[in-house]
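Chemist: Model the structure of this input:
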Amino acid sequence: MKKLCLSPLFVAGLLIRLLLIAGLAPAPVTQWYVPFLSSSLSWGIDPWAAWLSQGGSPMAFPYGYAMWLVFLPLTLVCKLLGLNLLLGYGCTLLLADIGLLAVLRRMIPDRDRLLLAVYWLSPIVILASYAFGFNDLVPVLFLVLALYCIRQSLFVWAGALCVVSVSAKLSMVLAVPFFLVYFLHNRALRQFLPAFLKGAVAGALLLLLPFVLSPAGLSMLLSNPEIGKVYRLSLSVGAQSLIYLVPLVYVVMLYAAWRVRRLNFELFHAMLGMAFLLVVLTTPVTPGWFIWTIPLLVSYQALGGRVAMALVVIFSALYVLGCLLVTPHVGPLATWPLASVAALFAELDPTSRVASLVHTLMVATGIILAMRIWRDTVSRNDYFRLSRKPFVIGIAGDSGAGKDTLSDGIKGLFGGHSVATLSGDDYHLWDRQKPMWQVMTHLNPMANDLEGFAHDLVALTDGKTILTRHYDHQTGRMSRPFQIRSNDFIIASGLHALYLPILRSCYDLSIYLDIDESLRRHFKLQRDVHKRGHTVERVLASFERREPDSVRFIRPQAQRADLVLSLQPIHPRMIQEAEAQRSVLRFKLVVRSRHGLNEMTLTRVLVGVCGLHVDMTVNDDASEIELTIEGESSAQDIALAARMVCPRILEFLDVQPDWQDGMAGLMQLITLSHINQALTKRFI
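Modeler: Below you'll find the model as predicted:
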């Protein structure tokens, strides 16, 4: 912060503020705020009641205890030193201003010059706070502190500060529902909602409850003319009905936030800021409220580049011009220097058409800003894209190829609470005891309800809940029906997961497990004998019986997959040695990708971080890339590789990812990389 304060831009902004504090006496400050604060020094814990009992104006201080307590210390210091109390009021605003700059610097690191240019020298902040005397910097500071505490996982403090901002200015209550939606729609943070509420309740008991118990305080708050401005903009419906646009806009934005199934901090911040921006734009001339939009505009300019900065500059210039033009019409908000300038415009334009035109242009620019913010920070946000449609993964492969193992590995990354699974085995047409299995195998599509499988997958993709049954491999019978709810990630695995065109069209990523045949038979023999209770003879007989159907119906699906994972032994003789328990199996993984995007990066990371041997080949038209990976890797190495290959996708992980060792972990990493690629394609 010391380096920031030594910047010429900071010094320039500070001098401007000090000159305005010393040279201007805004009407609301001299007529209301300072007299109230001065008188409250000799009163008890209910200054509002004492003020009204002495005949004070009910418009003097329509704020809660937080605002009073913030301005009280410097007011007391100035009174003890015999200084003008306006100086205490202005210096309190200055301290809040510097505090907000410091918090924004923590939230947007390494952008000091930009923060000084777009916040510290913002004409909106300077004009509204120091020329007009509005104190909205105080509640905005507390609200941004609450946002920062959430980002730092200080949830009790976040709840308390959120209530403090509401105590400072009741309008900040608009932010509270967005905080609750954020916790409810971020599964990683949902467990911390009680901590947030604990802090909020503590803040409410200390600051809100005493104010609610003060009839005088409530009377001053409800008589505030600023509240009435919310209802000025309306549409007439019939003879006696009106539609108020400000509440309408707010409710629509809140619903839009609720509809996002997964909220990260950036998305939450953007939607909260947009709600404030649209409420401000649709509320008739309230210059101080524009300070609410500053944190959003600063964050957007940090991400949006020159066009974003140009739009905010135009918006700010129109705000300043509009304030100068309407100053005579806002009564006690006028200051003498500004009033004289505005009076000249009033003589030239007695019908106020120029003022109305400027305000229209400002609102239009603000709406354009809102549209661009929605496009750049909301619709292009990975969380938002995922919330529009679940991410669907199809996994096909022969019996014993490892479909369940890979499915469980993906679950380990995203958490079982974020994944819905649909198994093709649950759509066998008959129990194992039925005679039809004497003439047909499970590998034949006719032995499975593929239409039902497709229907249920489409329903899950559409966000609906389905009713299905589970096939028990030990008993060979179907379970009772049970529900599967749609989720952020849907994994459909089975022998025929890529067989039907309608199934393939549902997938964002399709995977085929093309395991080495001798290795597949080895794994299937181990699984069916030791886990499912079959005899060795029965399993060996099933191999020969199912081979024709496998060749005809299962293996051709590899040609329709986006990603083919082929696990192979380093040498064929190792399988016989492993079966004789003379050695441990060692594998290599062959990866064929038809939608490659970052295989070069993946190769470098696998070699440099994981210490693996990787060979990469590309076919003639670059439509398919093949990687052959050999070596041993740990879960820790794969976790580090994932942060380097696809750092953005890691934001989706609501839990600490459960990375596996060896080839299973590599399959997790490669699948995650392709999920990242598929999500990127949603831009197209």
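Chemist: Can you identify each of the strands in the stretch 451-600 of the chain by residue range?
Modeler: Applying DSSP state E, counting those that start in this stretch to the stretch 451-600 of the chain gives strands spanning 466-468, 471-472, 477-478, 482-484, 489-494, 509-513, 563-569, 587-593.
Chemist: for those, which one ends up most surrounded?
Modeler: The highest average neighbour count among these, using mean count of other Cβ atoms under 10 Å, belongs to strand 509-513 at a mean of 25. Any C-beta I mention is one placed from the backbone N, CA and C, and that applies to glycine too.
Chemist: hmm, back to that, can you lay out the strands of the stretch 451-600 of the chain as CSV showing distance to residue 292 and mean pLDDT?
Modeler: Output for the strands of the stretch 451-600 of the chain, formatted as CSV (distance: least, Cβ to Cβ, whole Å; pLDDT from 0 to 100):
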stretch, distance to residue 292, mean pLDDT
strand 466-468, 44, 90
strand 471-472, 57, 81
strand 477-478, 58, 80
strand 482-484, 43, 91
strand 489-494, 36, 94
strand 509-513, 41, 94
strand 563-569, 47, 89
strand 587-593, 48, 89
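Chemist: Skipping its backbone neighbours, what lies nearest the residue nearest to the spatial centre of the chain in space?
Modeler: For the chain, the residue nearest the mean C-alpha position is residue 264 (2.3 Å; Cα atoms, centre = their mean). Nearest residue to residue 264, sequence neighbours excluded (Cβ to Cβ, 6 or more residues apart in numbering): residue 383, at 4.8 Å.
Chemist: residues of the helix or strand containing the one you found that come out buried?
Modeler: Using DSSP states H and E, residue 383 sits within helix 382-388. Across helix 382-388, burial judged by 16 or more other Cβ atoms under 10 Å covers 382, 383, 384, 385, 386, 387.
Chemist: How much space separates the residue nearest to the centre of the chain from residue 294?
Modeler: Separation of residue 264 from residue 294 (Cβ to Cβ, to the nearest Å) stands at 22 Å.
Chemist: Residue 433 too?
Modeler: For residue 433, the distance to residue 294 - Cβ to Cβ - is 71 Å.
Chemist: thinking again about what came up before, hmm, the residue nearest to the centre of the chain is touching residue 381, no?
Modeler: Yes - using Cβ atoms under 8 Å, residue 264 is in contact with residue 381, at 7.3 Å.
Chemist: ok, residues contacting stretch 286-297?
Modeler: With Cβ atoms under 8 Å, 6 or more residues apart in numbering as the test, stretch 286-297 has contacts from 100, 104, 118-119, 122, 124-125, 127-129, 132, 134-137, 140, 144, 147, 171, 226, 229, 269-270, 272-274, 276-277, 279-280, 283, 312, 315, 319, 323, 333, 369, 373.
Chemist: Filter these down to the ones in helices?
Modeler: Among the contacts of stretch 286-297, the members found in helices (DSSP state H) are 100, 104, 124-125, 137, 140, 144, 147, 226, 269-270, 272-274, 276-277, 279-280, 312, 315, 319, 323, 369, 373.
Chemist: okay if I get the strands of the stretch 451-600 of the chain as JSON lines plus distance to residue 428?
Modeler: Formatted as JSON lines, those follow (distance: least, Cβ to Cβ, whole Å):
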{"stretch": "strand 466-468", "distance to residue 428": "12"}
{"stretch": "strand 471-472", "distance to residue 428": "6"}
{"stretch": "strand 477-478", "distance to residue 428": "8"}
{"stretch": "strand 482-484", "distance to residue 428": "16"}
{"stretch": "strand 489-494", "distance to residue 428": "10"}
{"stretch": "strand 509-513", "distance to residue 428": "20"}
{"stretch": "strand 563-569", "distance to residue 428": "25"}
{"stretch": "strand 587-593", "distance to residue 428": "30"}
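Chemist: nearest to residue 192, of those?
Modeler: strand 489-494 (22.7 Å; Cβ to Cβ).
Chemist: give me the number of residues near residue 215?
Modeler: Look at residue 215: counted by other Cβ atoms under 10 Å, it has 12 neighbours.
Chemist: how far away is the closest residue to it other than its chain neighbours from residue 204?
Modeler: Leaving aside its sequence neighbours, residue 215 sits nearest to residue 49 (Cβ to Cβ, 6+ apart; 7.5 Å). According to Cβ to Cβ, residue 49 and residue 204 sit 21 Å apart.
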